[in-house]
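>>> Provide a 3D model corresponding to the input given below.
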Amino acid sequence: MQFPILNNRGIALPMVLGLIVIITLLGFTAMSLADNQTLMVNRYQQQEKALHYAEAGVYKYLNLLNADRDFYKSQESNELQNIDVAFESGFYRLTVIPPTTSNPVVTIRSTGWTKSHPDIKRTVEVTVNKKEFVQTLYGSGREMNDIGNEVWWARGDVVDGPLHTNGSLYIDGTGGDGSTGPVFNGPVTYVQGLTLKKGTEQFNGGPPQKVDPLIFPPTNSSLKTLAKKGGYYYEGRTCIHINGNELVIRNKNDAAERSKPLPANGVIYVDGGTGGKWDNNTGNVFVSGTLDGRLTIAAANDIYITAWDPTNWEKPIGNVPRGTYTGGLYYKDFNGSNIADIDDMLGLIAGGYVRILHNNWPRDEGRSWSTKDVAPKNITIHAAIFALNNSFEYEYYNSGAAKDTITLIGSITQNKRGAVGTYNGQRTVTGYNKNYSHDPRMLYDMPPHFLEPVNSGWEIRSWREVNS
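Below you'll find the predicted structure:
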């Protein structure tokens, strides 16, 4: 019996075809993966470029702030926002949120994208602020008095705002005129050291922190330059009555300039020597009144705050000057509770002391009327104060009758701690009690051309990416 021989011819063809199909599928898969990877790489590159352009917008705005700290208030800033700004091969768009008392930082939001892929956008949000002297209620070069003694914060003291010293800080929670305290309601910072006698002290703004110094400028002469270019410049003893948005200014030459508008750039500078308090050639300022606007007054020597119009040089009746009673320095638009909503702001910058006037009253020819005490029982001061080389104090604080209270809203920066009264452990013996609080607007704002720390610059507080 014969069997048929098996024929394998043709079996290779379907195998080859199968291999070709498999290879083809693998090829298409590889090509698809390559294309997808190319798209992913390209998209990643576009995303990175978009982020780069967004960051470029932030740095552009920071440069503008460094050139002008108030740039965010300007019309130019408004014109720069919400428009497409070309940069390299793409664009960025800026939105800037000004600071407020509840959020005292400038917020810069910048969105970037490439010209070829406008659908791929990335947005960064950056908050920045700048360290300033006025951001503290109390700022000092050192916590020592005129004769070099340490000045301690003790029971009974209340600091209703930030406190900073470039020197060492001395806090005593075991002694003082009060039953509790000292109480610190804001952040407390120091540069050199901290001596703490633990007791009833309260740090409601957090424990004291060691930080970098706020370096004082050597002089206030930069304000002299500004006063000569768009402000008011005087030489010698000068008396100023602030009357809303107008000024009465009586210089050593006696003739009063009445109904004078606030200076265009907001700066008055009084130049002169450091001679006698009433000398016509001394660079002293005597100031009082109510401000409707923004103003900085600087003196080469001292500034004296009075409770009466200091441009009225008539002889006082007893110890009471003849001029209009002002009560000190006020903001016109302040009603006692709306400080965050008003625009009025005053700066006082002395090369020497800023003082509350105690004795005598100005008259002509560089002289004064003799009076024992022209200081009021209570005085109010709305201002940022800077005593560049000395202190803020009540003149002759350790003599005369006991007063009542200094109510201050603003900021005090002084080279060394000044005094406004003396106490016997139970009551005021001479001078004033203190009722000081920080002006919250000064966490981000300040009077016109107020002095800044030498080492001041805009600092990034936060940086994050947000949805575009």
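
>>> and Pro14, that's in a helix?
Yes - judged by DSSP: H, G, I helix; E, B strand; the rest coil, Pro14 forms part of a helix.

>>> Return the distance of it relative to Ala307.
Remark: distance between Pro14 and Ala307 (Cβ to Cβ, to the nearest Å) = 112 Å. Yep, even glycine has a C-beta here, placed from its N, CA and C like the rest.

>>> Compare those two and say which one has the larger neighbour count.
Ala307 (22 against 9; other Cβ atoms under 10 Å).

>>> Could you pull up the contacting residues of the more buried one?
Counting by Cβ atoms under 8 Å, 6 or more residues apart in numbering, Ala307 makes contact with Ser288, Tyr325, Thr326, Gly327, Gly328, Val374, Ala375, Pro376, Ile379.

>>> how about a cut-off of 6 Å?
Counting by Cβ atoms under 6 Å, 6 or more residues apart in numbering, Ala307 touches Gly327, Gly328, Pro376, Ile379.

>>> Do I have it right that Thr371 meets Pro316?
Yes - with contacts counted by Cβ atoms under 6 Å, Thr371 reaches Pro316, the gap being 5.4 Å.

>>> Could you name every residue contacting both of these two?
The contact sets of Thr371 and Pro316 overlap at Trp361 (Cβ under 6 Å, 6+ apart).

>>> tell me the secondary structure for His449?
Going by three-state DSSP: His449 is coil.

>>> what's around it, how many residues?
Neighbour tally, His449, other Cβ under 10 Å: 21.

>>> Test my guess that it contacts Lys224.
No - at 11.1 Å, His449 does not count as touching Lys224 under the criterion of Cβ under 6 Å.

>>> Contacts for the strand ranked longest in the chain next, please.
Using DSSP state E, we find that the single longest strand of the chain is strand 402-416. Outside strand 402-416, the residues that touch it by Cβ under 6 Å, 6+ apart are 133-134, 138-142, 144, 377-387, 389-392, 428, 430, 432-437, 439, 442.

>>> ok, then the element right after that strand?
Where DSSP states H and E defines the elements, the next helix or strand beyond strand 402-416 is strand 421-423.

>>> I'd like to know which elements that next one is packed against.
strand 428-438 (3 or more Cβ pairs under 6 Å, 6 or more residues apart in numbering; DSSP states H and E).

>>> Try it again at 10 Å.
Judged by 3 or more Cβ pairs under 10 Å, 6 or more residues apart in numbering; DSSP states H and E, strand 421-423 is in contact with strand 402-416, strand 428-438.

>>> What are the buried residues along the longest one?
Spelled out, it's strand 402-416. Within strand 402-416, the residues that count as buried by 16 or more other Cβ atoms under 10 Å are Lys403, Ile406, Thr407, Leu408, Ile409, Gly410, Ser411, Ile412, Thr413, Gln414, Asn415, Lys416.

>>> same check, this time on stretch 415-428
Within stretch 415-428, the residues scored as buried using 16+ other Cβ under 10 Å are Asn415, Lys416, Arg417, Gly418, Ala419, Val420, Gly421, Tyr423, Thr428.

>>> How much space separates the fourth one from Ile268?
Using Cβ to Cβ, Gly418 is found at 23 Å from Ile268.

>>> count of neighbours near Asp70?
Other residues near Asp70 come to 12 when the count uses other Cβ under 10 Å.

>>> which residues touch it?
Listed by Cβ atoms under 10 Å, 6 or more residues apart in numbering, the contact set of Asp70 reads Ser77, Asp445, Met446, Pro448, His449.

>>> ditto for Tyr423
For Tyr423, the contacting residues are Gly156, Gly176, Asp177, Gly178, Ala402, Val429, Thr430, Gly431, Asn433, by Cβ under 10 Å, 6+ apart.

>>> same check, this time on Lys121
By Cβ under 10 Å, 6+ apart, the residues touching Lys121 are 46-47, 50-51, 53-54, 90-93, 111-114, 467-468.

>>> hmm, try it at 8 Å
Ala50, Thr111, Gly112, Trp113, Ser468.

>>> which residues touch Arg464?
Val124, Glu125.

>>> Next, it: secondary structure please.
Three-state call for Arg464 (three-state DSSP): strand.

>>> Bridge partners for it, pull those for me.
Assessed by DSSP bridges, Arg464 has beta-bridge partners Glu125.

>>> separation between it and Thr282?
54 Å.

>>> Check Tyr353 too.
According to Cβ to Cβ, Tyr353 stands 12 Å off from Thr282.

>>> before we move on, what about Ser462?
In this structure, Ser462 and Thr282 are 48 Å apart, going by Cβ to Cβ.

>>> of those two, who's got more company?
Between Ser462 and Thr282, Thr282 has the larger neighbour count (other Cβ under 10 Å), namely 22 against 10.

>>> contacting residues for the nearest residue to Gly181 once chain neighbours are set aside?
Leaving aside its sequence neighbours, Gly181 sits nearest to Arg155 (Cβ to Cβ, 6 or more residues apart in numbering; 4.7 Å). Contacts of Arg155 were listed using Cβ under 8 Å, 6+ apart, and they are 172-182, 199-200.

>>> From these, pick the one nearest Leu348.
Pro182 (25.9 Å; Cβ to Cβ).

>>> now the helices: where do they sit in the stretch 101-250 of the chain?
For the stretch 101-250 of the chain, the helices defined by DSSP state H, counting those that start in this stretch occupy 221-228.

>>> Great, nothing more from me.
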